[in-house]
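**Student:** Quick one, what's the 3D model for this:
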Amino acid sequence: MTVFISILLVLVAIIALLLIAGLFIKKEYNIERVVFIGLPKEKVFEYIKMLKNQDHYNKWWMEDPQAKKTFTGIDGTVGFIAAWDSANKQSGKGEQEIKKIAEGQRIDFEIRFERPFEGIAEVFIATDAVTEGTKVSWGFSGKNKYPMNVIYKVFNLEKKLGDDMSEGLNRLKKVLEK
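**Tutor:** Residues are numbered from 1 along each chain as shown. The predicted structure follows:
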């Protein structure tokens, strides 16, 4: 019985330590990934500004092809909203809205998550002309409330999110360069 109590006390101490550490762990995150695509900037931008095209490269949109998707507004314009509702735990439920477009340069989105957790993320996709074609930058930033910031850190979700973004950018490159 004392072994059980000792193990229990150690687990409680570890959890308490993590929760206390969470008070000091950053709550904001900023992730950015880049890919180079061998096509003119205009062609790349016209493709990425259409949210419905994310079906072909965005890992999270591709996670559940059976997800119910609804669209509001005109794709590729400010105010367009793409919403999803999935039984898949990874996909969950939420919506993505185009908030601002700097034509040919950058698109800013707001993603509002409902499930599996609530949250808001600011996202952008930017294009820059380079000698070999187009540099595409995908940025993702947000805030994790306490104690979600602890979970985010413990499970290294910033790296996982970045890896997913890199995978999506590599798919985008393949789609556009084929």
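**Student:** Distance check, residue 12 against residue 153.
**Tutor:** Note on residue 12: its distance to residue 153, by Cβ to Cβ, to the nearest Å, is 20 Å. Any C-beta I mention is one placed from the backbone N, CA and C, and that applies to glycine too.
**Student:** Run a quick neighbour tally on residue 169.
**Tutor:** 22 (other Cβ atoms under 10 Å).
**Student:** do the same with residue 50
**Tutor:** 14.
**Student:** So between residue 12 and residue 153, which is more surrounded?
**Tutor:** residue 153 (17 against 10).
**Student:** Where does that one sit: helix, strand or coil?
**Tutor:** The three-state label given to residue 153 by DSSP: H, G, I helix; E, B strand; the rest coil is helix.
**Student:** ok, it to residue 145 distance?
**Tutor:** 13 Å.
**Student:** quick one: contacts for residue 7?
**Tutor:** For residue 7, the contact set (Cβ atoms under 8 Å, 6 or more residues apart in numbering) is empty.
**Student:** Ramachandran angles for it?
**Tutor:** phi -60, psi -40 (degrees, to the nearest 10).
**Student:** so where do the strands sit in the protein?
**Tutor:** 28-37, 68-72, 81-85, 93-102, 106-115, 119-130, 133-143 (DSSP state E).
**Student:** So which of those is nearest residue 178?
**Tutor:** Residue 178 lies closest to strand 28-37 among the strands of the chain, at 11.3 Å (Cβ to Cβ).
**Student:** Give me the pLDDT value at residue 149.
**Tutor:** Here, the pLDDT recorded for residue 149 equals 62.
**Student:** ok, now residue 152?
**Tutor:** pLDDT, read off for residue 152, is 62.
**Student:** Same check on the one 10 residues further on?
**Tutor:** For residue 162, the model assigns a pLDDT of 91.
**Student:** Next, count neighbours for it.
**Tutor:** Residues near residue 162, counting by other Cβ under 10 Å: 17.
**Student:** Now it. Nearest residue, chain neighbours left out?
**Tutor:** Using Cβ to Cβ, 6 or more residues apart in numbering and skipping the chain neighbours, the partner closest in space to residue 162 is residue 31 (4.8 Å).
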